[in-house]
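Enquirer: need the 3D shape of this:
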Amino acid sequence: MASALSALGDGLPSARLDAEVLLAHALDKARTRLRGWPEDPVSAGQAAHYRELIARRARGEPVAYLTGLREFWSLPLEVTPETLIPRPETELLVEIALSLTPADEPVTIADLGTGSGAVAAAIASERPACHVIATDACP
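Expert: So this is what the prediction gives:
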């Protein structure tokens, strides 16, 4: 972990969090498992994978692209470099949409230019009676 923090340097305010998330991903374990059982063995392949993830993060690649996941509205979303990473402040848009949408009426909601589909998925998870349509144009 110390070498990972050194590689990420002072330029990343989230260096420790990034290093932990990437280690958990490389080991396919929860972050809480890492803290609770730090003596768990790490294979050479896992260590090499972790070093590669740290190197890519140090070059500026977002953690979400490295892990392939991003949480939004408590939903785990798959992301790739071809997908926009949902921003936490976009959850405000979900809050506004939910405040305007009756909880028990089966209205249709359209999310045009949906990108990752995060907003549509969040609304659909909160308003199961609604019909949510999400669409985007991908090259």
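
Enquirer: can you find the helix or strand in the chain with the smallest mean pLDDT?
Expert: Sorting the helices and strands of the chain by mean pLDDT, DSSP states H and E puts helix 2-8 at the bottom, at a mean of 67.

Enquirer: dump the top helix by length along the chain to CSV, restricted to CA.
Expert: Longest helix in the chain by number of residues (criterion: DSSP state H): helix 44-58. Coordinates of each C-alpha in helix 44-58 appear next as CSV, following Å, rounded to 0.1, in the frame of the first residue of the first chain:
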residue,chain,number,x,y,z
ALA,A,44,2.0,-12.8,-7.6
GLY,A,45,-0.6,-12.4,-10.3
GLN,A,46,-2.8,-10.3,-8.0
ALA,A,47,0.2,-8.1,-7.0
ALA,A,48,1.1,-7.6,-10.6
HIS,A,49,-2.5,-6.6,-11.5
TYR,A,50,-2.6,-4.2,-8.6
ARG,A,51,0.7,-2.5,-9.7
GLU,A,52,-0.7,-2.1,-13.2
LEU,A,53,-3.9,-0.6,-11.9
ILE,A,54,-1.9,1.9,-9.7
ALA,A,55,0.3,2.8,-12.7
ARG,A,56,-2.8,3.5,-14.8
ARG,A,57,-4.4,5.6,-12.1
ALA,A,58,-1.1,7.5,-11.7
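
Enquirer: so what pairs up with the residue nearest the centre of the chain in the strands?
Expert: Residue closest to the average C-alpha location in the chain (CA atoms, centre = their mean): Arg70, at 1.0 Å. Beta-bridge pairing for Arg70 (DSSP bridges): Leu77.

Enquirer: low-confidence ranges, the protein, go.
Expert: Scanning the chain for pLDDT under 70 picks out 1-2, 4-7, 10-11, 139.

Enquirer: ok, back up a step: who touches the longest helix of the chain?
Expert: 4, 7-9, 12, 18-19, 22-23, 25-27, 42, 63, 66 (CB atoms under 8 Å, 6 or more residues apart in numbering). Quick note: C-beta positions are derived from backbone N, CA and C, even for glycine.

Enquirer: show me which of the residues you listed is closest to Ala124.
Expert: Val63 (25.6 Å; CB to CB).
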